[in-house]
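Novice: Take a look and give me a structure for this.
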Amino acid sequence: MRNTARRRGKSLSKEDLIPVTWIKQYHFCPRIIYFLGVLGATERTTESMLEGKTKHLGEEKLELRRKTLGGDRKTRVAQRWTRLHVASERLGLIGIVDEVVEIDGELAIVEVKHSEPPKKTPKHHLYQAVAYAMLAEEALMKPIRRIILRYLPSGKTHEVEITEAMRKHVKWTVRQIKRIINEEKIPKPPSKPKKQCYGCGWHWICRKV
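Specialist: Residues are numbered from 1 along each chain as shown. Just a heads-up that it's a prediction; the model follows:
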C-alpha cells in the first residue's frame, strides 16, 4: 500500500507523490486507484496497448526531427522539451511530461493519443494534460495556458485553454485519490457496465471485488 501521509518534520519522498497517470485512471474509473494504490495490482497488457506504445515511441522520434508541430507547416515550434521528468511536493504529483512546445512566444502541452478523435475531449485526457501543464510550469518557471491533444492516425487536434477551474479540479482529484488510498475503501462500481468497461485491462480484477 502507498503511504501518502506526510510525516511531521519530513518532506514528501517520491514514493509519497501521486503519478499523473493516476489522474487519468481516476477519471476513467475511480476503482482503478484502489487496485493500484491499495492492492498493488497491475493492469493486464493487451495487444492494442503494446501497439499503442510502439506507435507512441515512433511518433516521439519523428517529432524530435520536426521544426513544426506534428508536421503541420503552419505551426512553427521555436523550442521544445520532451520527456520532462518532474516531481512536485507542492502539487503532490510526479510524472513525465511527453512534450512542451513554444509556439508564438507561448508554451503549450502536447499530448499524443492513438485513437479516433472524440467529439468532446474526454475528462481523463483533459485532466491528465492539465496536471502535466501544472508540473511543467513549476519545472520551467513559465506559464502554460494551452493544451494540444493530437489524435493519430487522423492527425486531428483538440486545443483547450486551461482555466483556473481545471487547475482546481486537478487538485481536487489528487485529494480524492489520496482519500481512496488512505481509507482503503473501494469506490462502488457503476450500476450498469459502461462502454469503457468492455476491453478494460482491469476487468480481470474488477469483477472479483
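Novice: List every C-alpha atom in the one helix or strand E111 maps to, with coordinates, as PDB.
Specialist: If you go by DSSP states H and E, E111 is part of strand 106-113. What follows is strand 106-113, C-alpha atoms only, in PDB (Å, rounded to 0.1, in the frame of the first residue of the first chain):
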ATOM      1  CA  GLU A 106       3.700  30.900 -25.500                       C
ATOM      2  CA  LEU A 107       4.200  27.400 -24.000                       C
ATOM      3  CA  ALA A 108       1.700  24.600 -24.600                       C
ATOM      4  CA  ILE A 109       1.500  20.900 -23.500                       C
ATOM      5  CA  VAL A 110       1.200  18.400 -26.400                       C
ATOM      6  CA  GLU A 111      -0.300  15.000 -25.700                       C
ATOM      7  CA  VAL A 112      -0.500  12.400 -28.400                       C
ATOM      8  CA  LYS A 113      -3.400   9.900 -28.400                       C
END
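Novice: what's the model's confidence in that strand, averaged?
Specialist: The average pLDDT for strand 106-113 rounds to 92.
Novice: How far does stretch 32-41 stretch from one end to the other?
Specialist: 9 Å (C-alpha to C-alpha, to the nearest Å).
Novice: who touches it?
Specialist: 1-2, 22, 25-26, 43, 177, 180-181, 184-187, 202, 205-206, 209 (C-beta atoms under 8 Å, 6 or more residues apart in numbering). Heads up, the C-betas are built off the backbone N, CA and C, glycines and all.
Novice: In ChimeraX, how would I select just the buried ones from those residues?
Specialist: In ChimeraX syntax, the buried subset of the contacts of stretch 32-41 is picked out as below (16 or more other C-beta atoms under 10 Å):
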select :2,22,25,26,43,177,180,181,186,202,205,206
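Novice: So, low pLDDT: which residues of the chain?
Specialist: Along the chain, the parts satisfying pLDDT under 70 run over 1-14, 44-68, 70-73, 192-193.
Novice: From I205, how far off is the residue positioned nearest the centre of it?
Specialist: When C-alpha atoms, centre = their mean is applied to the chain, the residue found nearest the centroid is Q128 (3.1 Å). Separation of Q128 from I205 (C-beta to C-beta, to the nearest Å) stands at 22 Å.
Novice: OK, contacts around the residue nearest to the centre of the chain?
Specialist: V20, T21, I23, K24, H27, E111.
Novice: Please tell me how far A129 sits from P190.
Specialist: A129 is 25 Å from P190, by C-beta to C-beta.
Novice: Just to be sure, E15 is in a helix?
Specialist: Yes - assessed with DSSP: H, G, I helix; E, B strand; the rest coil, E15 lies in a helix.
Novice: who wins for neighbours among the contacts of Q128?
Specialist: Highest neighbour count within the contacts of Q128, by other C-beta atoms under 10 Å: I23, with 28 neighbours.
Novice: what secondary structure does L39 sit in?
Specialist: coil.
Novice: ok but T157 is inside a strand, no?
Specialist: Yes - assigned with three-state DSSP, T157 falls within a strand.
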